[in-house]
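Student: generate a structure from the sequence data that follows.
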Amino acid sequence: MAAYNEDLTLGKTTHESIWPHLCKSVGRQIDIGLLLPAFDSTPINAEVFDLARELRRRYKVGIITDNKADRIQRLRRFQKLDDYFSPIVVSAQVGTSKNRTAIFSHALALAAITPSEAIFVDNNANNLLAPSSLGIRTILHDDEKNDIVALRRNIQSALQNSASAA
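Tutor: Sure thing, here's the model as predicted:
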């Protein structure tokens with residue numbers, strides 16, 4: 001799949017389109033239906049979902065993800081992402097990734113907010129560069145440690161800094 005990952009993530013192709021080529025490259029027919037249980041096996045971070053539910057009472061809480069369109073479409077239904085997040089901005093649907101400012105500008109427009117009103121949380125420091133260059137406050141969250149107390153504290157601090165700057 002690695003050979004197709006970037007094109008899938010940027011929406012230049014679909015799993016359905018590349019599947020025959022993938023099967024040929026591994027020398028066997030694989031049922032594309034195996035993708036659905038693979039997508040469904042994506043772990044749910046219940047603590048992050050709880051935090052999102054709590055924050056959503058007062059703020060817009062969205063997702064910006066470098067991901068395949070069909071995978072996120074499945075996760076939206078299976079994990080009920082729309083109950084927690086809006087907008088959900090997917091690289092494959094907008095044709096650009098988190099290493100470019102365009103995806104963040106698109107998300108800001110959908111949320112109807114300015115960069116100074118936004119906070120972006122990611123588990124990869126490289127993904128914080130583009131939003132930061134737009135004036136979006138950024139927070140690095142180590143999803144392996146999953147320190148929700150620290151994440152909550154960092155978000156609260158960013159919100160307080162935003163309020164004092166206004």
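Student: farthest residue from the center of the protein?
Tutor: Going by C-alpha atoms, centre = their mean, the residue of the chain most distant from its centre is residue 27, 33.1 Å out.
Student: using PDB, write down the CA coordinates of the helix or strand of the chain with the lowest mean pLDDT.
Tutor: Lowest by mean pLDDT, DSSP states H and E among the helices and strands of the chain is helix 148-165, with a mean of 86. Only the C-alpha atoms of helix 148-165 are listed here, as PDB (Å, rounded to 0.1, in the frame of the first residue of the first chain):
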ATOM      1  CA  ILE A 148      -5.300  14.000  28.800                       C
ATOM      2  CA  VAL A 149      -4.700  16.000  32.000                       C
ATOM      3  CA  ALA A 150      -1.700  17.700  30.300                       C
ATOM      4  CA  LEU A 151      -3.700  18.100  27.000                       C
ATOM      5  CA  ARG A 152      -6.600  19.700  28.900                       C
ATOM      6  CA  ARG A 153      -4.200  22.000  30.800                       C
ATOM      7  CA  ASN A 154      -2.500  23.000  27.500                       C
ATOM      8  CA  ILE A 155      -5.800  23.700  25.800                       C
ATOM      9  CA  GLN A 156      -7.000  25.700  28.800                       C
ATOM     10  CA  SER A 157      -3.800  27.700  28.800                       C
ATOM     11  CA  ALA A 158      -4.100  28.400  25.000                       C
ATOM     12  CA  LEU A 159      -7.700  29.500  25.600                       C
ATOM     13  CA  GLN A 160      -6.700  31.800  28.400                       C
ATOM     14  CA  ASN A 161      -3.900  33.300  26.400                       C
ATOM     15  CA  SER A 162      -6.300  33.900  23.600                       C
ATOM     16  CA  ALA A 163      -8.800  35.700  25.900                       C
ATOM     17  CA  SER A 164      -6.100  37.900  27.400                       C
ATOM     18  CA  ALA A 165      -4.800  38.900  23.900                       C
END
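Student: which strands and helices lie in contact with it?
Tutor: If you count contacts as 3 or more C-beta pairs under 8 Å, 6 or more residues apart in numbering; DSSP states H and E, helix 148-165 packs onto helix 46-56, strand 119-122, strand 137-140. The C-beta positions use only the backbone N, C-alpha and C, and glycine is treated the same way.
Student: quick one: that helix to helix 46-56, angle?
Tutor: Here helix 148-165 runs at an angle of 20 degrees relative to helix 46-56 (axes from the mean of the first three to the mean of the last three C-alpha atoms, to 10 degrees).
Student: for residue 42, see how far away the residue positioned nearest the centre of the chain is.
Tutor: Central residue check for the chain by C-alpha atoms, centre = their mean: the C-alpha nearest the mean position is that of residue 65, 2.4 Å away. Counting by C-beta to C-beta, to the nearest Å, the gap from residue 65 to residue 42 is 11 Å.
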